[in-house]
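J.: The sequence and its predicted three-dimensional model are supplied below.
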Amino acid sequence: MKKTASLCLTLLMAISLLAGCGKSGSEAGAATKPPEKAGGNEGTSQNAALKGDLTVYTALEDDQIKAYLESFKKTNPDVKVNIVRDSTGIITAKLLAEKDNPQADVVWGLAATSLLVLDQNGMVEGYSPKGIERVSPMFKSTGTPAKWVGIDAWETAFIVNTKELEKKKLPVPKTYQDLIKPEYKGMIVMPNPASSGTGFFDVTGWQQLYGKGPSWEYMDKLHDNIAVYTHSGSKPAKMAAAGEYPIGISFGYRGIQEKKKGAPVEVVFPQEGSGWDVEANALMKKATIKPEAKAFLDWAIGDEAMKAYNKNYAIISVNDGSGTIPEGYSKDPLSQLIKYDLNDAAKNRDSILKEWEKRYNAKSEPKS
């Protein structure tokens, strides 16, 4: 496989994202000390003597979490990790609803745009995990201590059931403009941006690619071809793989997994470029910060965790020269990403979702 030694550096040059670099905290403090008051912000060391429990909110894929956690459990065998998992929009809404009585100790693998919203609401405790100096600046917040630290990036892809399109004698769409052609009417499914991080960066990606006014005009036309909006970024890929609808607007990882299972799908990364976001971690602001929470965040950007993320994603936040591009991704995943401002997307999140729901929510599937 092609080496990704320069992925993060190249992406920095290719994408104007955040002003300035985050700085690392020094490595200090034993992880075995009693729970500390909020405010500690320096990296700690993982220690097998930790024996507490930890509540982790995440939007990572269900089929990834168990494998990812294996290395954490090896070094922290007596820490009980309670995972609360849902799609990005639902986890974000849950965290916001719990603002005055936070239940999560740590957020792991949630969209950076969502963490920016949480930080705007004063819900994030600054913490620079051990090894943060290895993380590319585009994958972490500015300033010290860090408010969020990324682990990987994921991007828009069309998951196309070639068998179903062949039956209809239709070509595989390669561009966003292809998706609004009348021959695809009723054949496309995509995620609801209020529920799905993938859906959110689809919508905000089009806004930043085309401009706010033209992007709504584009989405009006796309809406004519949409059969249903799902409440999961993965579901459109799964529906396309099953032949329920020929085209699912989803993300690369999920389409690649469906293809590996034998589904007759093609994973198409749109020619105009893909919308994207960073899966990122943060320490929640609480009266008492558990040492287990900091140990988890240290582990989450360590070597073993990065190796696990890289099995699924082509772009990871730590570049040590050993990464690879997993099979099925674009040969040049960095150039595939559009120029995208995370801060702008987060700042305008509420107004964008309100307008989207007013225009298109009638086609959303019922919430389970």
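T.: Nice, I can see it.
J.: Can you list the low-confidence ranges for the stretch 151-300 of the chain?
T.: Counting by pLDDT under 70, the stretch 151-300 of the chain has no low-confidence residues at all.
J.: Please name every helix or strand in contact with the strand with the most length in the chain.
T.: When the chain is parsed with DSSP state E, its longest strand is strand 149-161. Under the contact definition 3 or more C-beta pairs under 8 Å, 6 or more residues apart in numbering; DSSP states H and E, strand 149-161 sits against helix 197-210, helix 235-242, strand 247-251, helix 252-260, strand 265-268, strand 276-284, helix 303-310. C-beta coordinates here come from the backbone N, C-alpha and C atoms, glycine included.
J.: How far off centre is that strand?
T.: Computed by C-alpha atoms, centre = their mean, to the nearest Å, the chain-centroid distance of strand 149-161 equals 8 Å.
J.: Which residue is the nearest non-sequential neighbour of the residue positioned nearest the centre of the chain?
T.: Centroid-nearest residue in the chain: E279, 3.7 Å away (criterion: C-alpha atoms, centre = their mean). Counting by C-beta to C-beta, 6 or more residues apart in numbering, E279 lies nearest to G109, which is 4.4 Å off, once chain neighbours are set aside.
J.: and the one you found, what does it touch?
T.: When contacts are counted by C-beta atoms under 8 Å, 6 or more residues apart in numbering, G109 is found next to T58, A59, L60, I151, E279, A280, N281.
J.: Please repeat the previous calculation with a cut-off of 7 Å.
T.: T58, A59, L60, I151, E279, N281 (C-beta atoms under 7 Å, 6 or more residues apart in numbering).
J.: what's the closest of those residues to I249?
T.: Nearest to I249, judged by C-beta to C-beta, of the contacts of G109 is A59 at 17.7 Å.
J.: what sits against that closest one?
T.: Contact partners of A59, counting by C-beta under 7 Å, 6+ apart, are D86, S87, T88, I91, G109, L110, A111, G197.
J.: can you give me the strands in this structure?
T.: 36-37, 53-58, 80-85, 106-111, 124-125, 149-161, 188-191, 226-230, 247-251, 265-268, 276-284, 288-289.
J.: okay, now P129: neighbour count?
T.: When neighbours are counted by other C-beta atoms under 10 Å, P129 registers 27.
J.: my bad, L170
T.: Counted with other C-beta under 10 Å, residues neighbouring L170 total 16.
J.: can I assume it is in contact with K185?
T.: No. Look at L170 against K185 with C-beta atoms under 7 Å: they stay out of range, at 11.1 Å.
J.: domain ranges for the protein?
T.: What automatic domain parsing lists as the domains of the chain is 17-153+276-330, 155-275+346-363.
J.: Minimum distance to D100: which of the strands of the chain has it?
T.: Across the strands of the chain, closest to D100 is strand 276-284 (C-beta to C-beta), at 12.5 Å.
J.: show me what contacts Y229?
T.: Contact analysis of Y229 by C-beta under 7 Å, 6+ apart lists M190, P191, N192, Y360, K363, S364, E365.
J.: Please dump those residues into CSV; it should also carry distance to F139 for every row.
T.: Shown next, in CSV, are the contacts of Y229 (distance: C-beta to C-beta, whole Å):
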residue, distance to F139
M190, 26
P191, 23
N192, 27
Y360, 32
K363, 35
S364, 32
E365, 33
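J.: Distance to I249 and neighbour count added to those, as a markdown table?
T.: What follows is the contacts of Y229, written out as a markdown table (distance: C-beta to C-beta, whole Å; neighbours: other C-beta atoms under 10 Å):
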| residue | distance to I249 | neighbour count |
| --- | --- | --- |
| M190 | 4 | 31 |
| P191 | 7 | 31 |
| N192 | 11 | 27 |
| Y360 | 13 | 19 |
| K363 | 13 | 13 |
| S364 | 14 | 17 |
| E365 | 14 | 15 |
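J.: Among the residues you listed, which are located in helices?
T.: Per DSSP state H, helices hold the following members of these: Y360.
J.: from the contacts of Y229, which is closest to D78?
T.: Minimum distance to D78 across those is 38.1 Å, recorded for P191 (C-beta to C-beta).
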